[in-house]
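A.B. asks: how would this look folded up:
(4 chains, ligands or ions: 5)
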Amino acid sequence: MTLYEHDVIVVGAGGAGLRAAIAAHESGADVAMVTKLHPVRSHTGAAEGGINAALKDGDDWHDHAYDTMKGSDYLGDAPAVETLCKDSPQETMQLEHWGMAFSREEDGRVSQRPFGGLSFPRTTYAGAETGHHLLHTMYEQVVKRGIQVYDEQYVMELAVTDEPDPEDRTCYGCIGYDIKTGELNGFIASGGVVLATGGPGQMFAHTTNAVAQTGDGQAMAYRAGVPLQDMEFVQFHPTTLPSTGVLISEGVRGEGGILYNSEGERFMFEYGYANNDGELASRDVVARAEVTEVNAGRGFENDAVHLDMRHLGEERITDRLENIIHLATDFEGVNPLEEPMPVKPGQHYEMGGIETDENGETCISGLYAAGECACVSVHGANRLGGNALPELIVFGARAGRHAAGEDTGTPQIETGPSARIEDGDVEPPVELGAVESTSPVADGGTADDSPRSVVEQTLEQERDRVDRLMETDGINHADVRSDLQETMTANVNVFRNEDGLKQALRDIRDCRERYQEVGVSDPSRTYNTDLIQTIETRNLIDQAEVLTLGALARTEFRGAHWRQGYQERDDEEWLKHTMVAWNNGDPDLYYTDVLLEGEDKRYEPKIRSY
Amino acid sequence: MAEHYSSFSSEDTRWLLQRVTAVFLVGVLAFHFMLLHFVHHAAEITLAGTTARMSQPGYFVTMVLFLIAATFHGVNGVYNALVNQGISGTPRTVIKYGLTIASVLLIAQGIRVAWVMTGGNLI
Amino acid sequence: MSTNVPDTDTETHADTDAQPAPQQRRLAKKRERREHSPQSETSGDTDQETVELKVFRYDPEVEGKREPRFDDFHVPFTKGMTVLDALIYARDTFDSSLTFRHSCRQAICGSDALFINGAQRLGCQTQLSDLEWPVRIEPLPHQEVVKDLVVDMEHFYEQMDAVDPFFKDEDVPDGLEEQRQDRENREKIKMSTRCIWCGACMSSCNIAAGGNYLGPAAINKAYRFVMDEREDGDVTQERLETIEAEEGVWRCQTQFSCTEVCPKDIPLTEHIQELKREAVKNNLKFW
Amino acid sequence: MSQSYDRGHIESFGRWTEFSAGMWAWVLHKFTGWVLIGYLFTHIAVLSTAIQGETMYNGTLQGLESLLIVRFMEVGLLAVAVFHILNGLRLLFVDLGLGLDAQDKSFYASLVVTGAIAIGSIPTFLGGF
Ligand SMILES: Cc1cc2nc3c(=O)[nH]c(=O)nc-3n(C[C@H](O)[C@H](O)[C@H](O)COP(=O)(O)OP(=O)(O)OC[C@H]3O[C@@H](n4cnc5c(N)ncnc54)[C@H](O)[C@@H]3O)c2cc1C
Ligand code: HEM
Ligand code: SF4
Ligand code: F3S
Ligand code: FES
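C.D. replies: Numbering: from 1, shown residues only, chains lettered A, B, ... in the order given. Ligands and ions are numbered 1, 2, ... in the order given. You can find the predicted model right below:
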């Protein structure tokens, strides 16, 4: 056991974490990154499309903000959205100044391309691998600055004091488990802890997300007392390969790729899902059409439909979509020049997350979140393509600076239980939350409140947890996890109805109970991935419950959330953010206001049609 | 400028010379083989014939250059191979000087022989 | 589908007594449950084709695994299945202590470079149908094994760090002004920027084995900056000095295996050779 | 804890069955290079007999040439030299950045040509007794 002390601890080294660390370092803080994967292994590397930024003449951040609010189906908070759009150009240029290999125009300036839902071609890109370049460019800057990175160090829990009201609590650090040696370490942060742990895609059986995307940050913050916001809004991508979930970009349909069902029909038109746009309709529309086809018995093996681009001709395909040929052959064993590619919808992005304000701060002092794990609320009910990467750099930087003690202005977004406007009104079919009575987050509040003692006590508690898991002669977590994934995929997918959601809650409860019996069968302390994944599974269960609960309560159709029997967006009743707080093991559902009031205008909800 | 001279590490030079000698050797070695195995069969070689060839200044110079180039190329190659194998420190220094001395001796002896072959006398 | 799980010989029995008894019991229980649980796993395949994996096992801490050995796993094959899929299946179904790094499943995180049937490849990018069966899976050669298929990457990271893998220019325009870069120049560095740090190249190079040679990936990283016109001359000069040094480009013996195994198709040998010429040219002009 | 398993050099040598073209070319080039430098030293030694006079020189050379084994070794030497030259040319092109995509083909070509020349030269070397 070792205790490490730094001003700022950044948990997670994807785009958001790296940006936060660099910002904190530039503000003069002694910063360290703690990450379960080596930084360049983070899933930010998988992003293909690009970074939205109003950079060029003729474009304006106001337009970007307008597009984003509309795209969010008016569930984005205007102050956050405006910050995103205002800061994005500067942050994107910063990447260029750090040497990022953007694609270029004839005149040597960075290229931008059009993207769905944007009124201007403002998606700045680097080939078909923007995320890869962004990730590596920022990691390079971390190396340049000599920022300490503790890699293959799994953060298990946050060290937080245990005052009754989360808003009074303070986060003093976190507990890391050194994957290579099996040692537990305490990380003390005098300035703050920034969570940047990415999305929770592994809740679903079929996802474009990496295996490491288990949303640990959300789960840890949730248990520490920060509410999770708008978790029911999950983006599903319509074209992913069935055996792996690897994403086949919109580009294929953009170039003229056609979707067929097993009867050989071009269903987007034949069944009237989108008579104008056909295959080019928005992600959620196409995803729902595909599932409808499969449910009607017109699908192929593995619940897939076919995406055919052979008619485009080999030349055009190799010219514009070369990477798709590689993806389909490498990951599905299908040569798209010779046969159609099987595709199906897959979980892609979690719009919700840890509730934060524009500075990335949560209601617990000293605890920050940025990136996909956070919900400042820029994506609302639906994320526009190309808006996640700017979120990473804009809010990553802000969180880093603020944690390092810089003044980044007073936030307009209120956080924590005091922002509550009304209580949730829903009857879950089973009890939620903790199975056994849990101990408070940390016992630090009692003895003395020194950061060191809070961290040390949390460390003891986590040591017990590890020992218990290692000693239990129990079932394999993988069984629980796969059951969770199946029920989420079956019931909380692109189509949702009351019965299904209730069933999911029951199944989640069942998973929770079975999780009590889980044990780690690998007895080794060296690189014990069995243990790590077992802990992750617990985190998935917590979040799945929050997500499903929010979805059950929300009886409307907004953005990515479709509810049977409620086919309209209901601004009267549902123009509000869903919040779920762990509440020491007894989850509490409530709502907060959506801020539509911008700097100089109000974003009036309009029908979202493209 | 002066710094740049010194920054031209011996590794660069040796790498380049290895290539330059190789190019030179291609031509000369092929010529050598053709001449002494195909035109004049090795078994028919006599000192008289050798002397006749060696007495031509062009041939003599070519053969001496051939010798020097081949020696450098071969010995440098061996040294590189050993360095790549991970030899360092004292053994490396020893090998370096050992090989250099061997090369010098080889070249010296070669030139002596060549001189004798022209019919010249060793003083 | 549930009956697909072969109930025999999924692990070498040589180690039966070596394994702690509880683990054996657990595994048995698990299999039983799998047999009974209604499996909704989707697969129209009715053929019971299974692929045999021979997987390298080692754990310094576990009795019976201290001496490296190979375990056999029989995994039901489905179309499109990759080596990584098969490993995950084996781990989740038969032996949860089977250890390997993996994350993205799409050849972008670079964590699962393995030695598969005698070649360095990414598990996630390798279709089982393209391999000869049984499939032999080992950790990357020339690196120390931490456990099972996990190798120590420290040396690789150190070599990457040694070339100052970051853009060095301080003299950048202000604000929203970008540094201009020609399309051709971007095209020139494009392949070199695709590296995912998987270490396959380094593992395949005999020269990099054991010694301190920078290795193809690090040199390629240097190439990415040397060739980038946005960095100015002084910096480029500095970089050339690094790669010319003792353990730099001159070590490369053009074995080409790095280029052959690189999952991102980076022409590594070409880049190294170009840097050699660049270094010579750079110095020659003062003669 | 941080104990790890070093498979050592022996195992990497054991991997020769998995070598690819470029590796074999490297191994063979090394081998032939060493043979050639070895030959160069011997060659000069043999020629040094010239210093002791004509009889000695002619006698040594012809004596050697009358041995069948020497003639066979000469064929071997030729093969070694030819391979080294051809592969050396291949490497020179590689250094110039030419034909990198065909590096394996050019290696195989070197082998085939070497074989052909070696066989073709047998009459010349072995004949003339
Ligand atoms: C296939 C794909 C394509 C995409 N394309 C685009 C696009 O074109 N444009 C766009 O804007 N967005 C895109 N996105 C979305 C965007 O890439 C992600 O939302 C974003 O990269 C998330 O970044 P992050 O920094 O929040 O987290 P990640 O990059 O996921 O990083 C998470 C980090 O946290 C660490 N971590 C996690 N848990 C722990 C723990 N318990 N302890 C320690 N460390 C931990 C991990 O090691 C990792 O370093 C795409 C997403 C996917 C999956
Ligand atoms: C005739 C044409 C020749 C050519 C084109 C040639 C080419 C080359 C080249 C390019 C190398 C460098 C390989 C590298 O470092 O990657 C080399 C290495 C070498 N050459 Fe030659 N060479 C020739 C003749 C000779 C001769 C006559 C000798 C013997 C005296 C010789 C001995 C060697 C040796 C010992 C090496 C080092 C091998 C190693 O790496 O271990 N070569 N040759
Ligand atoms: S150069 Fe290729 S093989 Fe080497 S680390 Fe990078 S991606 Fe992997
Ligand atoms: S394998 Fe090694 S020797 Fe050179 S060409 Fe590649 S670095
Ligand atoms: S799992 Fe990421 S590269 Fe294979």
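A.B. asks: any residue of whichever strand or helix holds A:Gly17 up close to ligand 1?
C.D. replies: Using DSSP states H and E, A:Gly17 sits within helix A:15-26. Yes: residues of helix A:15-26 are located near ligand 1 by CB under 6 Å from any ligand atom, namely A:Gly15, A:Ala16, A:Gly17. The way it works is simple: take the backbone N, C-alpha and C, and place the C-beta from them, glycine included.
A.B. asks: who wins for most neighbours among these?
C.D. replies: A:Ala16 (37 neighbours; other CB atoms under 10 Å in any protein chain shown).
A.B. asks: who's in contact with stretch B:26-36?
C.D. replies: Residues outside stretch B:26-36 that contact it (CB atoms under 8 Å, 6 or more residues apart in numbering or on different chains): B:Ala42, B:Ile45, B:Thr62, B:Leu65, B:Phe66, B:Ala69, B:Ala70, D:Leu78, D:Ala81, D:Ile85, D:Gly88, D:Leu89.
A.B. asks: scratch that, stretch A:251-259 is what I was asking about
C.D. replies: Stretch A:251-259 is contacted from outside by A:128, A:239, A:266-268, A:279-280, A:286, A:289-290, A:305-309, A:311-312, A:316, A:320-321, A:324, A:343, using CB under 8 Å, 6+ apart.
A.B. asks: Dump the residues of helix A:15-26 next to ligand 1 to TSV, plus pLDDT and distance to ligand 5.
C.D. replies: Output for the residues of helix A:15-26 next to ligand 1, formatted as TSV (pLDDT from 0 to 100; distance: CB to the nearest ligand atom, whole Å):
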residue	pLDDT	distance to ligand 5
A:Gly15	97	17
A:Ala16	98	20
A:Gly17	98	18
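A.B. asks: Any regions of the stretch 1-150 of chain C where pLDDT drops low?
C.D. replies: Applying pLDDT under 70 to the stretch 1-150 of chain C flags the ranges C:1-47.
A.B. asks: Of the contacts of stretch B:26-36, which pair is most distant in space?
C.D. replies: Maximum pairwise distance among the contacts of stretch B:26-36 (CB to CB): 28.4 Å, between B:Ile45 and D:Leu89.
A.B. asks: Chain C against ligand 5: which residues are in contact?
C.D. replies: Proximity of chain C to ligand 5 (CB under 6 Å from any ligand atom) is limited to residues C:102-105, C:107-112, C:122-124.
A.B. asks: go with 5 Å
C.D. replies: C:His102, C:Cys104, C:Ala107, C:Cys109, C:Asp112, C:Leu122, C:Cys124 (CB under 5 Å from any ligand atom).
A.B. asks: re earlier: select from the contacts of stretch A:251-259 every entry located in strands.
C.D. replies: If you go by DSSP state E, these have A:Thr239, A:Val305, A:His306, A:Leu307, A:Asp308, A:Val343 in strands.
A.B. asks: Give me the neighbour count for the residue nearest to the third one when sequence neighbours are not counted.
C.D. replies: Using CB to CB, 6 or more residues apart in numbering or on different chains and skipping the chain neighbours, the partner closest in space to A:His306 is A:Pro340 (3.8 Å). Under the neighbour criterion other CB under 10 Å, A:Pro340 is assigned a count of 20.
A.B. asks: So which of the contacts of stretch A:251-259 reach ligand 1?
C.D. replies: The subset of those within reach of ligand 1, by CB under 5 Å from any ligand atom, is empty.
A.B. asks: Just the buried residues of the residues you listed.
C.D. replies: A:128, A:239, A:267-268, A:279-280, A:286, A:289-290, A:305-309, A:312, A:321, A:324, A:343 (16 or more other CB atoms under 10 Å in any protein chain shown).
A.B. asks: ok, A:Gln148 touching A:Ala32?
C.D. replies: Yes: here A:Gln148 reaches A:Ala32: they are 4.2 Å apart, a contact under CB atoms under 8 Å.
A.B. asks: quick one: is stretch D:76-89 near chain B?
C.D. replies: Yes: Stretch D:76-89 is in contact with chain B by CB under 8 Å from any CB of the partner chain, via D:Leu78, D:Ala81, D:Ile85, D:Gly88, D:Leu89.
A.B. asks: what's the closest of those residues to chain A?
C.D. replies: D:Leu89 (33.9 Å; CB to the nearest CB).
A.B. asks: got the contact list for that closest one?
C.D. replies: By CB under 8 Å, 6+ apart, D:Leu89 lies in contact with B:Val26.
A.B. asks: ok, now how distant is it from ligand 3?
C.D. replies: Going from D:Leu89 to ligand 3 by CB to the nearest ligand atom, to the nearest Å gives 28 Å.
A.B. asks: same thing with A:Asp588?
C.D. replies: From A:Asp588 to ligand 3 the distance is 48 Å (CB to the nearest ligand atom).
A.B. asks: Please determine how far A:Arg266 is located from chain C.
C.D. replies: Between A:Arg266 and chain C the computed distance is 23 Å (CB to the nearest CB, to the nearest Å).
A.B. asks: show me what contacts that residue?
C.D. replies: A:Ile258, A:Leu259, A:Tyr260, A:Gly278.
A.B. asks: Can you tell me the SS state at the nearest residue to A:Gln235 once chain neighbours are set aside?
C.D. replies: Excluding the flanking residues, the one nearest A:Gln235 by CB to CB, 6+ apart is A:Tyr349, at 4.1 Å. Using DSSP: H, G, I helix; E, B strand; the rest coil, the structure places A:Tyr349 in strand.
A.B. asks: thought A:Tyr349 was touching A:Val234?
C.D. replies: Yes: with contact defined as CB under 8 Å, A:Tyr349 counts as touching A:Val234 (7.3 Å).
A.B. asks: So for those two, which sits in the more crowded spot?
C.D. replies: Legend: neighbour count by other CB under 10 Å for A:Tyr349 and A:Val234, higher for A:Val234 (28 against 23).
A.B. asks: For that one, give me phi and psi.
C.D. replies: Backbone torsions for A:Val234, taken as degrees, to the nearest 10, come to phi -120, psi 130.
A.B. asks: Would you mind splitting chain C into its domains for me?
C.D. replies: Annotated domains of chain C cover C:50-151, C:154-283 [automatic domain parsing].
A.B. asks: joint contacts of A:Gln148 and A:Ala32?
C.D. replies: A:His6.
A.B. asks: what about the two, which has more around it?
C.D. replies: Neighbour count, other CB under 10 Å: between A:Gln148 and A:Ala32, A:Ala32 has more, with 23 against 15.
A.B. asks: count of neighbours near D:Leu78?
C.D. replies: Applying other CB under 10 Å, we find 20 other residues in the vicinity of D:Leu78.
A.B. asks: measure the closest residue to chain D within chain B to ligand 3 for me?
C.D. replies: Using CB to the nearest CB, the point where chain B gets nearest to chain D is B:Gly74, with a distance of 3.3 Å. Distance of B:Gly74 to ligand 3, computed by CB to the nearest ligand atom: 33 Å.
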